[in-house]
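> okay, here's the prediction I keep looking at, along with the sequence it came from:
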Amino acid sequence: MARRVAIVGTGQTDHCSHRPDVDGREMIHEAVIRALDDCELTIRDIDAIVIGNMDHFESINYVDTWSVEGSGGVMKPIMKITTGGTTGTSVAIAAYYHVASGLFDRVLAIGWEKNSESDTTAAIITCSDPIWDRFSYSGAIPSLATEAVGYMNRSGATQEDAARVAVRDRTHALNNPHAHLRKPITVQDVMDSPMLAYPIKLLDVCPRTDGACAVVFAAEGTAEKIAPKPAWIKSCAVRHSITWFGDFDFNAGLMSLQRAAKEAFDRAGIKNPVEDLDVAELYLPYSYAGLKWIEDLGFCGPGEAPEFVGEGNTDMGGKIPINPSGGVISTNCIGATALIRVAEAAIQVMGKGGKRQVPDVVNALATGFGGCFWSDVVVMSTQRPY
Amino acid sequence: MEKIAIVGVAQTTYERRKKDKTYHDLVYEVTVAALQDSGLTLADIDNVITVSNDFLDGRTISSMAVGEAAGAHNKNISTVEGDGTFGAFYGAMRVLGGFRSTLVVAHSKGSEGSSRFITNAMFDPIYQRPLGLDSLSSSALQANAYMAKFGIAEEDFAKVSVKNHGNAKNNPYAQLPMNITVDDVMRSKKIADPLKLLDCSPISDGAAAVIIGNEEIVEKSKTRPAWIKGIGHCSEEYFLGDRDLADPRALRNAAERAYAMAGISSPLEQINVAEVYDAFSYMEPLWLEGLGICKPGHGHKMIEQGITTMDGSLPVNPSGGVLSAHPILVAGLARIIEATLQLRGEAGARQVDGAGTALAHGINGPCGQSHCVWILGAEV
């Protein structure tokens, strides 16, 4: 029987475009120390470590063994999990299973990326099949641009509707001291920003960020002693179903998110997500995802997202605030990005959000996105699962 | 710990170059074969762990290439980047954590990359990479440190190569079954002092898969289960200069964890067969010391004493070990598979009679910085 597991502490660096003052290990160390401080533990209390990033961004092979002086992994069990953009949620879910298995009581999950040391697009290009996909869907933007056009054609959504999502996330980021881009923008600013690949403009997409995030997971029995209000993991589900970009149906919903969310919601007892969830930290790498994918999550019906977002339902104070942290459009240290979603959702459950806190959060949702239109979903709560 | 077991295994033959197959194809081959071995269908597999490395595959998000080949469509999945023993460790935790079954699959094609550049990238980019450190040169440093500390001769290591390549003759999957002598090893081409060609494992292509299940899945499988009795992993310091390379203390720690779970207090007496990660000949005796199978400095005496040979009390690497086939990442999973076959009594000509408890071992990072130890048992 799996043990119940909760998040008891989180730590993040103050994310920015370039951290020339620290190397990767030192940056990881910053996040680890903050996470341990948050739950008043020391590295001696940690039984095992899970770490993840994307190898080719910093060009470090075997990051698990390279990082030990920063992660605290000397003479501890450590393993590396890497699944592209979903790395952060994959790391969190791996830490969950470390504890749920009964083998470890307190486990540290770490995601990090130093994008300033990389040529992000040059690295991402190589995820595609070298023969069939690499010349049509190289890098992150082309496939997303295709998806956006498909959604606009189907729903009648406009570029301005998408810009509203970017404005929301960037506005929320003003409340988050860790966020990378903390400067308010308007719909007009988005519309006036340079076109990257129609209909995606510069302010529709995430930045490249240097940053690290660390999250402490603990078992039932231990968690309550560490944190007054632990964030219990209610369920997690993952779909990494597609290998080829050509297999993705750009004229349909995000299948991986629909299926992962259904599994996770069913197990967590979430029947009506807008009613049952109090806050959502979603991996929205570009603005159009903030329309299309919330339909896949069941926040609103197909084609209704422009109106749902436009009416302010996803703003702070709305029915289901999305990305109080400012989201991925404000901060994107890739290997850490999805773990930050988990950390921020846990912060909301634990009531530690400060200026970005949503009042009275019981259930929170975190998602990850990456690879070939893959999705990870984690539901957490102030209430114990089962 | 709940009762969980390995219920299905499969490996490709290991070859210098598998020109006719992509790693997508290799993963598909072993996925199908592992299901056939277990008698299960894809519907019985709850979730999948793939094992891959972006440097080896020359692809970022290397897991993207193999998910569907591993049957992971519409299933929960994750990816461990590291040796297959670590991937299987996560697979086991997912069964203990609520899934009924995990398929773990690893692949690598050493033929499609440059081992020198790939393993050079393990080292610190500012201070160490320009020195040209890679797995060969760093392992040569470790071999020298080990020889100097205990007064071991190169010939002592050569005996390991002779034994393991000889054992490989009984393993149809091995890449380098060979009749060689200590003299052959000593006269083979010097690669990095004191390592000579026949002290080194080859470059290999291959894939392997295991299926781990809970008791419900064990019931449903047609194979004799190899019960997971103990697992442990641990890493030590990163910089080579911070480590005593002749003292594998992370391995000692990992072994202690696995032994404590499995109730092993005297490994030499209680373990019947061991498959350890001998990427170089010197590693087998060094790891035997770390595993507590002999005292520090005594590892090289184990062959002469007739303990680790096929007719000894604890045969080590009956498969021929990593020296006889070294598909990186896959090699650790192959150790688990070999241990499983021994416990089932299905190891053919390399079978150790009456093997009831088996050890499998894998490493990550330079000079075995991180280790993973598995104890498997034929009985619950």
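Okay, I see it.

> what's the neighbour count on the residue of the stretch 101-250 of chain A found nearest chain B?
Using Cβ to the nearest Cβ, residue A:101 is the residue of the stretch 101-250 of chain A that sits closest to chain B, at 3.6 Å. All C-beta atoms are positioned from the backbone trio N, CA, C, and that covers glycine. For residue A:101, the tally of surrounding residues (other Cβ atoms under 10 Å in any protein chain shown) stands at 25.

> hang on, it packs against residue B:91?
No: with contact taken as Cβ atoms under 8 Å, residue A:101 and residue B:91 are classed as non-touching, separated by 10.7 Å.

> for the residue of the stretch 101-250 of chain A closest to chain B, report the pLDDT, please.
Note on residue A:101: pLDDT of 98.

> strands of the stretch 251-386 of chain A, residue ranges please.
Along the stretch 251-386 of chain A, the stretches classed as strands by DSSP state E, counting those that start in this stretch are A:279-281, A:363-370, A:374-381.

> save these as TSV, and put in distance to chain B too.
TSV is the format used below for the strands of the stretch 251-386 of chain A (distance: least, Cβ to the nearest Cβ, whole Å):
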stretch	distance to chain B
strand A:279-281	20
strand A:363-370	7
strand A:374-381	8
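
> returning to what we had before: residues contacting the residue of the stretch 101-250 of chain A closest to chain B?
Residue A:101 makes contact with A:2, A:3, B:92, B:93, B:94, B:96, B:97 under the criterion Cβ atoms under 8 Å, 6 or more residues apart in numbering or on different chains.

> change it to 6 Å
Contact partners of residue A:101, counting by Cβ atoms under 6 Å, 6 or more residues apart in numbering or on different chains, are B:93, B:96, B:97.

> most neighbours of all those residues, which one?
residue B:93 leads the contacts of residue A:101 on contacts (other Cβ under 10 Å) with 28 neighbours.

> quickly find the element holding the residue most central in space within chain B.
Nearest residue to the geometric centre of chain B (Cα atoms, centre = their mean): residue B:332, 2.2 Å. In this assignment (DSSP states H and E), residue B:332 forms part of helix B:330-344.

> average pLDDT for the helix or strand just after that helix?
As assigned by DSSP H and E, the chain's next helix or strand after helix B:330-344 is strand B:357-364. Mean pLDDT, strand B:357-364: 98.

> please tell me how far strand B:357-364 is from the chain's geometric centre.
Offset of strand B:357-364 from its chain centre (Cα atoms, centre = their mean, to the nearest Å): 6 Å.

> show me what contacts residue 296?
Using chain A. A:253, A:254, A:257, A:258.

> you answered for a different chain; I wanted chain B.
residue B:289.

> nearest spatial neighbour of residue A:274, chain-adjacent residues omitted?
Nearest non-adjacent residue to residue A:274, counting by Cβ to Cβ, 6 or more residues apart in numbering or on different chains: residue A:320, 4.9 Å away.

> surely that neighbour meets residue A:273?
No: counting by Cβ atoms under 6 Å, residue A:320 stays clear of residue A:273, with 7.4 Å between them.

> who's in contact with residue 373?
As the question left the chain open, I've gone with chain A. A:242, A:248, A:256.

> wait, I meant chain B there
Residue B:373 is in contact with B:232, B:254, B:255, B:258, B:361, counting by Cβ under 6 Å, 6+ apart.

> could you measure the residue nearest to residue A:149 when sequence neighbours are not counted against residue B:218, distance?
Using Cβ to Cβ, 6+ apart and skipping residues adjacent in sequence, the residue nearest residue A:149 is residue A:199, 6.6 Å away. Residue A:199 sits 54 Å away from residue B:218, going by Cβ to Cβ, to the nearest Å.

> which positions in the stretch 1-150 of chain B make contact with chain A?
B:54-55, B:59-61, B:63-64, B:67-68, B:73-74, B:76-79, B:81-82, B:86, B:93-94, B:96-98, B:121-122 (Cβ under 6 Å from any Cβ of the partner chain).

> just the buried residues of those.
Applying 16 or more other Cβ atoms under 10 Å in any protein chain shown to these, the neighbour count classes B:54-55, B:59-61, B:63-64, B:67-68, B:73, B:76-79, B:81-82, B:86, B:93-94, B:96-98, B:121-122 as buried.

> please tell me how far the residue nearest to residue A:274 sits from residue A:263.
20 Å.

> neighbour count winner among those two?
The residue with more neighbours, out of residue A:320 and residue A:263, is residue A:320; 22 against 18, by other Cβ under 10 Å.

> ok, the more buried one to chain B distance?
Distance of residue A:320 to chain B, computed by Cβ to the nearest Cβ, to the nearest Å: 26 Å.

> got a pLDDT number for that residue?
98.

> number of nearby residues for residue A:154?
15.

> quick one, strands of the stretch 1-150 of chain A?
A:5-12, A:48-52, A:78-80, A:106-114.

> Serialize those to CSV and add fields for mean pLDDT, distance to residue A:186 and mean neighbour count.
Converted to CSV, these look like this (pLDDT from 0 to 100; distance: least, Cβ to Cβ, whole Å; neighbours: other Cβ atoms under 10 Å in any protein chain shown):
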stretch, mean pLDDT, distance to residue A:186, mean neighbour count
strand A:5-12, 98, 27, 28
strand A:48-52, 98, 36, 30
strand A:78-80, 98, 42, 28
strand A:106-114, 98, 29, 30
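
> can you list these in CSV and add distance to chain B?
Output for the strands of the stretch 1-150 of chain A, formatted as CSV (distance: least, Cβ to the nearest Cβ, whole Å):
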stretch, distance to chain B
strand A:5-12, 9
strand A:48-52, 8
strand A:78-80, 5
strand A:106-114, 10
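
> any chance of those strands in a markdown table with distance to residue A:94 as columns?
Output for those, formatted as a markdown table (distance: least, Cβ to Cβ, whole Å):
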| stretch | distance to residue A:94 |
| --- | --- |
| strand A:5-12 | 12 |
| strand A:48-52 | 5 |
| strand A:78-80 | 7 |
| strand A:106-114 | 7 |
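
> I am finished for the moment; much appreciated.
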